[in-house]
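Trainee: predicted coordinates and the sequence they were generated for:
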Amino acid sequence: MSTKAELYDVIRKPIVTEKATMASENNAVVFEVSIDANKPQIKEAVENLFNVKVKAVNTTITKGKVKRFRGQLGKRKDVKKAYVTLEEGNTIDVSTGL
């Protein structure tokens, strides 16, 4: 079992968007996670931090866009998202904060 600090290194923050809200209707929660975190690590972190049972974890990596910052070309960071589906009867309220 990992320490709480290591679990928070895996899970960065909850994502609250329109798409994430639609996923919550299907008993899923969306988190921004560390880019090198794998599905078993994400599952363990969510189960230990929120005391819930995880049914499945789906991940997606969004590549960072090339944008202009003060006239200079720059690149946003790549973001990994985890769609965590919970077992029936388990809920996580992301509006309260971690």
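Mentor: Cool, got the structure. Remember, it's a predicted structure, so these values are computed and weren't measured experimentally.
Trainee: kindly export stretch 7-26 (C-alpha atoms) in CSV.
Mentor: What follows is stretch 7-26, C-alpha atoms only, in CSV (Å, rounded to 0.1, in the frame of the first residue of the first chain):
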residue,chain,number,x,y,z
LEU,A,7,-1.4,8.5,-4.2
TYR,A,8,-1.9,12.2,-4.7
ASP,A,9,1.1,12.1,-7.1
VAL,A,10,-0.8,9.7,-9.3
ILE,A,11,-4.1,11.6,-9.2
ARG,A,12,-3.6,15.3,-9.8
LYS,A,13,-7.1,16.8,-9.8
PRO,A,14,-10.7,16.0,-10.8
ILE,A,15,-11.8,17.3,-14.2
VAL,A,16,-15.2,19.1,-14.2
THR,A,17,-16.3,19.7,-17.7
GLU,A,18,-19.6,19.2,-19.6
LYS,A,19,-18.3,15.8,-20.9
ALA,A,20,-17.1,14.8,-17.4
THR,A,21,-20.6,15.7,-16.0
MET,A,22,-22.2,13.5,-18.6
ALA,A,23,-19.9,10.6,-17.7
SER,A,24,-20.9,11.0,-14.0
GLU,A,25,-24.5,10.0,-15.0
ASN,A,26,-23.0,6.6,-15.9
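Trainee: tell me the mean pLDDT for that stretch?
Mentor: For stretch 7-26, mean pLDDT is 90.
Trainee: how about whichever helix in the chain runs longest: buried residues?
Mentor: The longest helix of the chain (DSSP state H) is helix 39-50. With burial defined by 16 or more other Cβ atoms under 10 Å, the residues of helix 39-50 counted as buried are Gln41, Ile42, Lys43, Glu44, Ala45, Val46, Glu47, Phe50. The way it works is simple: take the backbone N, C-alpha and C, and place the C-beta from them, glycine included.
Trainee: right, and the pair among those with maximum separation?
Mentor: Farthest pair in those (Cβ to Cβ) is Gln41 and Phe50. Separation: 14.9 Å.
Trainee: rewinding a little: for the longest helix of the chain, packing partners?
Mentor: helix 4-10, strand 11-14, strand 28-33, strand 54-62, strand 79-86 (3 or more Cβ pairs under 8 Å, 6 or more residues apart in numbering; DSSP states H and E).
Trainee: nice, that's everything, thank you.
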